[in-house]
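> Need coordinates for the following:
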Amino acid sequence: MRRSAAVLCGATVVLAGTLTAAPASADASHSAKTAAQVAKVTWKKCATDDSPTMQCASVKVPLDYAKPKGKQITLALSRVPHTASKYQGPLLVNPGGPGGSGLSLAGFVASSLPKEVAAQYDVIGFDPRGVGESKPALDCKPGHFDPVRPDSVPSTPAIEKANLARAKSFAQACGTKYKDVLPYINTVSAVKDMDSIRKALGAKKINYFGYSYGTYLGAVYAKLFPERVRRLVLDSIVDPTGVWYDANIKQDYAFDKRHKALMAWIAKYDSTYKLGTDPKKIEAKWYAMRAALAKKPAGGKVGASELEDIFIPGGYNNAYWPTLAETFAAYVNKNDTAALVKAYDNIAAIDASGDNGYSVYTSVQCRDASWPRDWNQWRKDNWAVYEKAPFMAWNNAWYNAPCAFWPTKSQKPVNVANSKLPPVLLFQATDDAATPYQGGVTMNRLLKGSSLVVEQGGGNHGITLGGNACLDKHLATYLTNGKVPQGSGTADAVCKKLADPKPQAAAAKTPSAAGKALSGILGFGG
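This next block holds a predicted model:
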């Protein structure tokens, strides 16, 4: 799934911790040769303003689980410890990506759940292999997204050639710099890391809460280690049957629909933005802005591709709409380029953590499943998408294009179908662009006994703990006693969506502000 490499919000977590070696027993579903020596975790204080009880540690795991005594890598962990006398075990949380850091998510989840619920769990964040504070942390080609990039739409052979050169050079850089590591950066290895974390925590079973790509990560863990799953929450669900080429194509159509929803929202507030009352005409103005920036980038920084980068987050969460509308209106009505540059710096600019996230994103997705190696296939498919859904089609194509030239062989996707789990709770918005609705329906079908809670009409990505009390009540109930809603239709329960935001003056007071905070932690996770 496409993931913006934007800077993740949340406080930086400083790692500390010592390790004591302890032998790990092999799980029933894996042979002895994959069993690894797993160190027990010693936690150290690493409090932040947002998480005053936060603790940190690290644990060593095999790079290659087929060689448990071979080269070791380090995973970074965070924890908000339980405080209640009733203890329900560790709750591992993951923000998605792939490539998202989970360290700050632990604090967000612990502070966003009802206090009496969070108090019953050790909320455990972790940076998956290759990510953030885990070592080694990948950064294949620093500055890969530096502006101004070639126009994403390859309208001429020269533009296509320039974009292809970028994609090939990134793939080559990863293969050269991380030749010995790259074959082991994938979902299955990350899942085995999760079980190593479980062992290091001394837990017989884990609870798991994942967003976006984290839903696929959780489903694969449940497939490989069903007897280790106590509770499983999946929010904004990847279609596990579309990993990963097909899933990205489906995203393009969904993001175009959300972009049109933004245009309709702007039309509703013509008195504020003065861009007109006809969504189609407003959209035409947006594409005219794009064409102008392709010729003359704003501030020498925001060209056509960077403009798309600014507006793509609006497809993840409508809390960005007021800022995006103001920026759009300032350019069209006042020829104000400074607003575009400011929006780029605040929303879309990539720093070292973004470079790291993208390096892991490509490493996992390109390794997890087969991608077309013939660029003619990409060209044909993406032009077909562009004709119907132009907003993100080629931007997304180039984001994933290194997979056409990736230096490692691909694996087969995991069939996550499972009938060995306790009740599982699924959350999905009907108009989610990053993980379209069908993904939730498909996962519900594949995980026998799972329960699907739907946010009707919702278009945001990452919907629990984002301000919707109806959704959060189902989550809190499940984490408290394991009970899930049971219905007779496709959805076991339906919640109304949150109201769309108001223009900027009132935006901070709307319920979607909580969702914006979550979206920052998820990093516009796909």
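> out of all of them, which helix in this structure is the longest?
Secondary structure of the chain per DSSP state H: the longest helix is helix 245-268.
> Give me the buried positions along it.
Across helix 245-268, burial judged by 16 or more other CB atoms under 10 Å covers 245, 247-263, 265-267. To be clear about C-beta, it is placed using only N, CA and C from the backbone, and glycine gets the same treatment.
> Packing partners of it?
In terms of contacts (3 or more CB pairs under 8 Å, 6 or more residues apart in numbering; DSSP states H and E), helix 245-268 is packed against helix 279-295, helix 313-316, helix 321-334, helix 375-388, helix 393-400.
> and among those, the most buried is which?
helix 313-316 (a mean of 27; mean count of other CB atoms under 10 Å).
> quick one: average confidence on that helix?
Helix 313-316 comes out with an average pLDDT of 97.
> Contacts made by that helix with the rest, please.
Helix 313-316 is contacted by residues 4, 6, 254-255, 258-259, 262, 320-321, 324, 347-348, 392, 433-434, 459-462, 519, 522, 524-525 when judged by CB atoms under 8 Å, 6 or more residues apart in numbering.
> so where is the stretch 1-150 of the chain shaky, pLDDT-wise?
Along the stretch 1-150 of the chain, the model assigns pLDDT under 70 to residues 1-39.
> What are the boundaries of the helices in it?
Along the stretch 1-150 of the chain, counting by DSSP state H, counting those that start in this stretch, helices occupy 103-112, 115-118.
> Export the ones you listed to JSON lines and append columns for mean neighbour count.
Output for these, formatted as JSON lines (neighbours: other CB atoms under 10 Å):
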{"stretch": "helix 103-112", "mean neighbour count": "25"}
{"stretch": "helix 115-118", "mean neighbour count": "16"}
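> which stretch among those helices comes nearest P372?
Nearest to P372 among the helices of the stretch 1-150 of the chain is helix 103-112 (33.4 Å), distances taken as CB to CB.
> what about that closest one, distance to the chain center?
15 Å (CA atoms, centre = their mean, to the nearest Å).
> repeat for stretch 317-331
On CA atoms, centre = their mean, the centre of stretch 317-331 falls 22 Å from that of its chain.
> again with stretch 336-348
23 Å.
> can you check stretch 469-483 too?
With CA atoms, centre = their mean, you get 22 Å for stretch 469-483.
> who wins for proximity to F209 among the helices and strands packed on helix 245-268?
helix 313-316 (18.7 Å).
> Using CSV, write out every CA atom in the closest one.
Below are the C-alpha coordinates for helix 313-316, written out as CSV (Å, rounded to 0.1, in the frame of the first residue of the first chain):
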residue,chain,number,x,y,z
PRO,A,313,-2.7,13.3,3.1
GLY,A,314,-6.2,14.8,2.6
GLY,A,315,-7.2,11.4,1.3
TYR,A,316,-6.0,9.8,4.5
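> burial measure for the nearest residue to K250 once chain neighbours are set aside, as a count.
In space, and not counting its chain neighbours, K250 is closest to P436: 5.5 Å by CB to CB, 6 or more residues apart in numbering. P436 has 25 neighbours, counted by other CB atoms under 10 Å.
> Got phi/psi on N460?
Main-chain torsions, N460, degrees, to the nearest 10: phi -80, psi 160.
> how close does it sit to A429?
Here N460 is placed at a distance of 6 Å from A429 (CB to CB, to the nearest Å).
> one step back: verify the stated contact: the residue nearest to K250 with I249.
No: judged on CB atoms under 8 Å, P436 makes no contact with I249 at a distance of 10.7 Å.
> I'd like to know how many residues surround Q456.
If you count neighbours by other CB under 10 Å, Q456 ends up with 12.
> Now that we have the helices and strands packed on helix 245-268, can you turn them into a markdown table and tack on distance to K205?
A markdown table is the format used below for those (distance: least, CB to CB, whole Å):
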| stretch | distance to K205 |
| --- | --- |
| helix 279-295 | 50 |
| helix 313-316 | 32 |
| helix 321-334 | 41 |
| helix 375-388 | 42 |
| helix 393-400 | 35 |
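> Count the neighbours of the nearest residue to L63 once chain neighbours are set aside for me.
Among residues not flanking L63 along the chain, K71 sits closest, at 4.5 Å (CB to CB, 6+ apart). As a burial measure, K71 scores 11 neighbours (other CB under 10 Å).
> and K71, what does it touch?
62-64, 180.
> Please apply the same query to T430.
Taking CB under 8 Å, 6+ apart, we find T430 in contact with 437, 454-458.
> Distance of it relative to A200?
Applying CB to CB to T430 and A200 gives a distance of 39 Å.
> ditto for K60
9 Å.
> again, but for A330
Distance from A330 to A200, by CB to CB: 51 Å.
> go on, Y331?
Counting by CB to CB, the gap from Y331 to A200 is 52 Å.
> for N400, same thing?
34 Å.
> and if you look at I350?
Using CB to CB, which is the criterion applied here, I350 is 33 Å from A200.
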